[in-house]
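**Q** mind looking at a prediction? Sequence and model below.
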Amino acid sequence: MAITRLTQRKCKAIGFYILSWVIFTLSASALLTYGAGNGFDSTRMLFMLQLSLLTGLSHAIYDVMILQDEMDKRPVVAALLIRSWFFIASICANLTLCILIWDIDKSEGLINEAALQHVLNVFKQPKTHILIFELFMLGNLITFVRSVHKKFGTRVFMNTLLGKNQDPKEEDLIFMFIDMKHSTEIAEELGHVKYSNFIRDYYRLLSNCCEENHGEIYQIAGDGVFLTWKTSDCKRAARPLDCFYDFAECLERTAYKFKKRYGIVPAFKAAAHCGKVISTEVGNFGSEMAYHGDVLNTTSRIQTLCSKLGQDFLISEDLFLRLPLPLPHGFLSVKAGFFELRGKKNGILIFSLHMPLT
């Protein structure tokens, strides 16, 4: 049985938490041991490795399995208090388990009076209190890093850390513009507050599909959003088409939830194009990534043809020629014709893509 992209995403998130805990904990432990002039203490490092693995797994279970790797919807104060109590409880529980395992007596088993007394004595020591506080702060740091990583995406996050976005550079990218159908009518029917919740749930599903297909959200403008992929990453897998298909399937699976809560099921149309753009980081305070080039304008203008032609998915010839064949998910391609787009001297050939009827 094949592993779904949702499962892969969750496994990657769990791996992120565990690996982060191991790296940060062992690095800090090694530095503290070196600073104290005690040299390399293999026993201490093995103990901290065990503790970091257990605590990282606990952290991952809370964020990925309980919160579903999404924003905590509870009030901020309540969410912080619950997370703080969880960190303290899991650190203390995992620390207790590690001490019991290291002091295990084969004749008396894991838990016995002497072992429990030793645990109590360890927790009375000031250095244990300091360790718990350090691990508590580390847990919050890892949570913050994960939040920033989710906000900006893997590529932008790593490029920002390495300073690669400071100077403009040319990139060959695929852009897909997804627009919600009948958004104005939906907004008028639901009202501002309910529509805001509606579009939040809509974008939550879209962002998950984008992440699972290794894409990035470049820009959200009202009811429209630009997704992007590196062209080189789509030579073997038509990721924009995968994302379109997955999002359509996701909306179909959750249609009853939207219908029950809002009385409306969202639908969308999309257009995709590729080409060279200039990418750079703009702004000082509140800076963000910006892409400059004709590709984005062309993509949005192709998308406006969807309503005119009565199609849900249009792509340019440039992109079609770069996609691996056969197209995934049984997509059928039809030449929609040559069109002169505003701002373009020459017309471009547009293809319409159709999902198979089920």
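**A** Right, received. Where do you want to start?

**Q** was I right to think Ser316 contacts Arg301?
**A** No: using CB atoms under 8 Å, Ser316 is not in contact with Arg301, being 10.3 Å away. Every residue, glycine included, has its C-beta placed from N, CA and C.

**Q** who has more neighbours out of those two?
**A** Per other CB atoms under 10 Å, whichever of Ser316 and Arg301 has more neighbours is Ser316, with 23 against 18.

**Q** how close does the more buried one sit to Ile174?
**A** As for Ser316, its distance to Ile174 is 10 Å (criterion: CB to CB, to the nearest Å).

**Q** where do the contact lists of these two overlap?
**A** Ala272, His273, Cys274 (CB atoms under 8 Å, 6 or more residues apart in numbering).

**Q** quick one: neighbours of the second one, just the number.
**A** Right, His273. His273 - counted by other CB under 10 Å - has 28 other residues nearby.

**Q** could you look up the SS state of it?
**A** Assigned with DSSP: H, G, I helix; E, B strand; the rest coil, His273 falls in the strand class.

**Q** neighbours of Ala60, how many?
**A** Per other CB under 10 Å, the neighbour tally for Ala60 reads 22.

**Q** how about the helix or strand harbouring it: buried residues?
**A** Per DSSP states H and E: Ala60 is located in helix 42-60. Burial within helix 42-60, assessed by neighbour count using 16 or more other CB atoms under 10 Å, is assigned to 47-49, 51-60.

**Q** and which of those is nearest to Ser232?
**A** The shortest approach to Ser232 among the buried residues of helix 42-60 belongs to Ala60, at 31.1 Å (CB to CB).

**Q** the strands in this protein, which residues?
**A** For the chain, the strands defined by DSSP state E occupy 169-180, 216-221, 224-230, 268-282, 288-292, 313-316, 332-339, 348-354.

**Q** and the helices in this protein?
**A** For the chain, applying DSSP state H gives helices covering 5-35, 42-60, 76-102, 113-124, 126-152, 154-161, 183-190, 192-212, 239-253, 255-262, 294-309, 317-320.

**Q** quick one, which of those helices gets closest to Pro356.
**A** Going by CB to CB, the one of the helices of the chain nearest Pro356 is helix 239-253, 10.0 Å.

**Q** which strands and helices sit next to the closest one?
**A** When contacts are defined as 3 or more CB pairs under 8 Å, 6 or more residues apart in numbering; DSSP states H and E, helix 239-253 packs onto strand 169-180, helix 192-212, strand 224-230, strand 268-282.

**Q** what's the pLDDT at the residue lying closest to Leu57 once chain neighbours are set aside?
**A** Once flanking residues are discounted, Leu57 sits nearest to Ile18: 6.0 Å by CB to CB, 6 or more residues apart in numbering. pLDDT for Ile18: 93.

**Q** Ile18 - how many residues pack around it?
**A** Ile18 has 19 nearby residues by other CB under 10 Å.

**Q** enumerate every residue touching it.
**A** Leu53, Gly56, Leu57, Ala60.
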